[in-house]
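# Task: produce atomic coordinates for the following.
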Amino acid sequence: MARDLAFDVTGKRVTVAGAARSGLAAAELLARRGAHVTLSDTRSEAPETEPLTRLGVQLELGGHRTQTFTTADLIVLSPGVPPEQAAVQAARGGGVPVIAEIELASRWLLGRVVAITGTKGKSTTTALTGRMLEAAGFKVTVGGNIGAPLSAQVGDSTPDTFHVVEASSFQLEQIDTFHPWIAVMLNFSPDHLDRHPDVDAYAAAKARIFENQDAGDFAVVNADDPAVLAIARRGRAAMRPFARASSIDHGTVVEDGWIVNRTRDATERLVPLEAIHLLGPHLVYDVMAAATVGAIAGAAPTAMTAAVNTFRGLEHAMELVADVRGVRFVNDSKATNVEAALRSIESFDRDLVPIIGGRFKGGDLRLLREPLKARARAVVAIGEARPLVRDALADLIDVHDANTFGDAIERAYTLAKPSGVVLLAPACASFDMFRDYAERGRRFKEEVKRISVRER
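Next up is the predicted model:
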């Protein structure tokens with residue numbers, strides 16, 4: 001993709017909404033490019049802003065002031081700021097352009113973008129894709145919704161750089177010209193219905209990953225997911241499917257113990273299944289998606305295999321924490337929606353005690369009924385969603401309410417003895433009890449460590 005030479009913010013008044021990672025990076029980038037920047041946040045305090053004030057960035061904390069937005073020449077939204085926010089809507093109504101942070105950054109990138117979205121598996125696939133391309137000798141940056149925001153990568157962008165970007169629906173809904181060379185959609189199921197008005201709006205936001213692609217680009221899509229295929233068919237890019245269950249005559253499939261690239265004329269082995277050391281068979285899809293990107297980019301199969309062989313997954317994503325007297329503890333705090341929790345649960349055969357709950361984001365918890373009936377001893381319910389968990393599951397399986405997170409883990413441990421699995425797969429956001437899923441996952445590991453020390 002080419003830099004947008006016409007895009008210049010010198011002397012422009014730019015308001016950045018949201019002082020989390022993406023907002024901080026956008027404000028710094030804009031200030032260094034000559035803009036007069038105001039960083040606005042609803043919080044009364046924002047950490048790590050001193051370097052920005054030295055660059056001349058004005059801080060506006062304690063609420064979004066409408067005048068700051070309506071008098072701006074441009075507004076840049078962090079992913080956590082809803083576009084329906086009153087000050088943002090007032091500015092948009094007055095003709096002020098509103099764009100996402102990844103849209104801003106992409107206009108100054110020199111390298112090509114590999115953008116990865118989906119309801120489940122984005123972070124794992126993004127990280128693994130970056131490792132594959134690095135192992136193959138390419139210059140790579142990895143970030144977006146994980147790691148470094150895209151705005152923080154602009155300074156290192158060169159024409160031969162691959163920018164591997166995790167793109168959430170919150171980021172994609174405010175793009176304009178964002179143009180991935182390779183766009184990946186892993187799967188689709190209802191999520192974030194606490195933010196998006198309905199499933200159609202969520203799907204429309206996800207679909208935007210394809211909208212600026214043309215015939216010279218690639219859409220890497222899960223052919224086992226009908227919703228993904230329906231979304232991707234609206235685009236103009238060359239389709240590169242991957243599938244385990246569906247029969248496809250070209251694309252990435254599993255054959256004779258290998259992930260292979262199948263064409264109408266030949267089959268190329270990419271990665272042996274035995275090189276995958278991730279907990280959960282559903283994660284094979286993430287490896288297949290990453291390998292498909294690697295094949296398009298020209299990565300050697302040996303390099304891709306080496307990257308997979310050394311990859312043990314991400315923190316808080318099907319992370320094996322400990323084995324305490326025969327009970328395994330698995331941290332899948334990133335399973336913040338029903339589909340993700342379902343895949344986690346299906347990764348185990350029996351004697352499972354999942355911890356489910358938090359702030360519900362939508363979806364159907366009843367989808368967990370049959371998988372739990374076949375695998376679980378009981379469920380421990382936490383957070384605001386406890387009544388919803390009980391209503392959905394209690395007539396089929398024992399549901400135990402826990403008043404605190406520590407109590408939930410202790411109770412699950414007792415229920416899982418002597419040889420079961422305690423699985424943190426909340427199917428919900430963490431914001432009723434924690435700052436984010438990462439804090440929830442770290443707390444889980446701290447509680448498990450405490451139990452482990454006590455049980456020695």
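# got the contact list for the residue nearest to residue 243 when sequence neighbours are not counted?
Leaving aside its sequence neighbours, residue 243 sits nearest to residue 223 (CB to CB, 6 or more residues apart in numbering; 3.9 Å). All C-beta spots, glycine's among them, are computed from the backbone N, C-alpha and C. Residues in contact with residue 223 (CB atoms under 8 Å, 6 or more residues apart in numbering) are 229, 241-243, 246, 248, 251.
# And residue 223, its phi and psi?
Phi and psi for residue 223, reported as degrees, to the nearest 10, are phi -70, psi -10.
# Name the helix or strand of the chain that has the lowest mean pLDDT.
helix 199-207 (a mean of 89; mean pLDDT, DSSP states H and E).
# Beyond it, next helix or strand please.
Sequence-wise, the next helix or strand downstream of helix 199-207 (DSSP states H and E) is strand 218-222.
# Each with direction, which strands does that next one pair with?
Strands that pair with strand 218-222, judged by DSSP bridges, come out as strand 182-185 (parallel), strand 238-242 (parallel).
# Past the longest one, which element shows up next along the chain?
To tie it back to what came earlier, the one meant is strand 238-242. strand 251-255.
# Give me the contacts around that following strand.
With CB under 8 Å, 6+ apart as the test, strand 251-255 has contacts from 223, 240-244, 259-262, 267, 270, 273, 284, 288-289, 291-292, 295.
# So for it, what gets flagged as buried?
251-254 (16 or more other CB atoms under 10 Å).
# Kindly report the same for stretch 154-167.
154, 157, 161-167.
# hmm, back to that, quick check: PyMOL command selecting the buried ones in the contacts of residue 223.
To isolate in PyMOL the members of the contacts of residue 223 that are buried, counting by 16+ other CB under 10 Å, one can use:
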select buried, resi 229+241+242+243+251
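# Flag the least confident of the contacts of residue 223.
Within those, the minimum per-residue pLDDT falls on residue 246 (90).
# Would you mind checking which of the buried residues of strand 251-255 is nearest to residue 64?
Set against residue 64, the nearest of the buried residues of strand 251-255 by CB to CB is residue 252 (44.5 Å).
# now that closest one, which residues is it bridged with?
residue 242, residue 261.
# Show me where the stretch 251-400 of the chain has its helices.
Assigned by DSSP state H, counting those that start in this stretch, the stretch 251-400 of the chain shows helices spanning 283-297, 301-309, 338-345, 369-375, 386-393.
# what's the model's confidence in the first one, averaged?
Averaging pLDDT along helix 283-297 gives 97.
# Same check on the last one?
Looking at helix 386-393 alone, the average pLDDT works out to 98.
# List the buried residues in that helix.
Across helix 386-393, burial judged by 16+ other CB under 10 Å covers 386, 388-390, 392-393.
# Dump it to CSV, restricted to CA.
Extracted C-alpha coordinates of helix 386-393, given in CSV (Å, rounded to 0.1, in the frame of the first residue of the first chain):
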residue,chain,number,x,y,z
ARG,A,386,-24.4,-15.1,37.5
PRO,A,387,-28.2,-15.0,37.1
LEU,A,388,-27.9,-15.4,33.3
VAL,A,389,-25.5,-18.3,33.7
ARG,A,390,-27.9,-20.0,36.2
ASP,A,391,-31.0,-19.4,34.0
ALA,A,392,-29.2,-20.9,30.9
LEU,A,393,-27.6,-23.9,32.5
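# Phi first, then psi, for the closest residue to residue 299 other than its chain neighbours.
In space, residue 299 comes closest to residue 136 once its chain neighbours are excluded; the distance is 3.6 Å by CB to CB, 6+ apart. Main-chain torsions, residue 136, degrees, to the nearest 10: phi -80, psi 0.
# now residue 93
Backbone geometry at residue 93, expressed as degrees, to the nearest 10, gives phi -60, psi -30.
# Look at it and say how many residues are nearby.
9 (other CB atoms under 10 Å).
# Nearest spatial neighbour of residue 28, chain-adjacent residues omitted?
Residue 28's closest residue in space is residue 52 (CB to CB, 6+ apart), at 6.1 Å.
# Tell me who's in contact with the residue sitting nearest the centre point of the chain.
The centroid of the chain falls nearest to residue 122 when counting by CA atoms, centre = their mean (4.2 Å). Contacts for residue 122 (CB under 8 Å, 6+ apart) come out as 116, 145-146, 166-168, 186.
# before we move on, the earlier item: turn the buried residues of stretch 154-167 into TSV, columns for distance to residue 39 and secondary structure.
Rendered in TSV, the data for those read as follows (distance: CB to CB, whole Å; DSSP: H, G, I helix; E, B strand; the rest coil):
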residue	distance to residue 39	secondary structure
154	18	helix
157	23	coil
161	27	strand
162	30	strand
163	24	strand
164	27	strand
165	22	strand
166	23	strand
167	23	coil
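# quick one: residue 268 from residue 284, how far?
Distance, residue 268 to residue 284, using CB to CB, to the nearest Å: 18 Å.
# quick one: the strands in the stretch 1-150 of the chain?
Taking DSSP state E, counting those that start in this stretch to define them, one finds strands in the stretch 1-150 of the chain at 13-17, 36-41, 58-61, 74-77, 98-100, 112-117, 139-144.
# circling back to that earlier point, relative to strand 112-117, how tilted is the least confident helix or strand of the chain?
Calculated by axes from the mean of the first three to the mean of the last three CA atoms, to 10 degrees, helix 199-207 forms an angle of 160 degrees with strand 112-117.
# farthest pair in the contacts of residue 122?
Spatial extent of those (CB to CB) is set by the pair 146 and 186 at 14.1 Å.
# Neighbour count: these two, which is higher?
A side-by-side neighbour count of residue 146 and residue 186, using other CB under 10 Å, places residue 186 first with 23 against 20.
# isn't that one right up against residue 118?
Yes. Between residue 186 and residue 118 there is a contact at 3.0 Å, judged by CB atoms under 8 Å.
# which neighbours do these two share?
125, 222, 228.
# how near is the closest residue to the first one other than its chain neighbours to residue 124?
In space, and not counting its chain neighbours, residue 125 is closest to residue 286: 4.4 Å by CB to CB, 6+ apart. Distance of residue 286 to residue 124, computed by CB to CB: 5 Å.
# Now do the shared contacts for those two.
Common neighbours of residue 286 and residue 124 (CB under 8 Å, 6+ apart) are residue 278.
# I'd like to know how many residues surround residue 24.
With neighbours defined by other CB under 10 Å, the count for residue 24 comes to 25.
# which residues does it contact?
By CB under 8 Å, 6+ apart, the contact list for residue 24 reads 39, 48-49, 52, 149.
# Among those residues, which are located in helices?
Cross-referencing those against helices under DSSP state H gives residue 52.
# and the contacts of residue 24, which two are the farthest apart?
49 and 149 (15.1 Å).
# Report the separation between residue 319 and residue 410.
20 Å.
# Which one's more surrounded, these two?
When neighbours are counted by other CB under 10 Å, residue 319 and residue 410 differ, and residue 319 comes out ahead with 20 against 17.
# What distance do you get for residue 82 to residue 201?
When distances are taken as CB to CB, residue 82 and residue 201 turn out to be 12 Å apart.
# how about CSV for the shared contacts of residue 186 and residue 118, with pLDDT, distance to residue 179 and neighbour count added?
Shown next, in CSV, are the shared contacts of residue 186 and residue 118 (pLDDT from 0 to 100; distance: CB to CB, whole Å; neighbours: other CB atoms under 10 Å):
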residue, pLDDT, distance to residue 179, neighbour count
125, 96, 20, 26
222, 97, 22, 25
228, 95, 20, 24
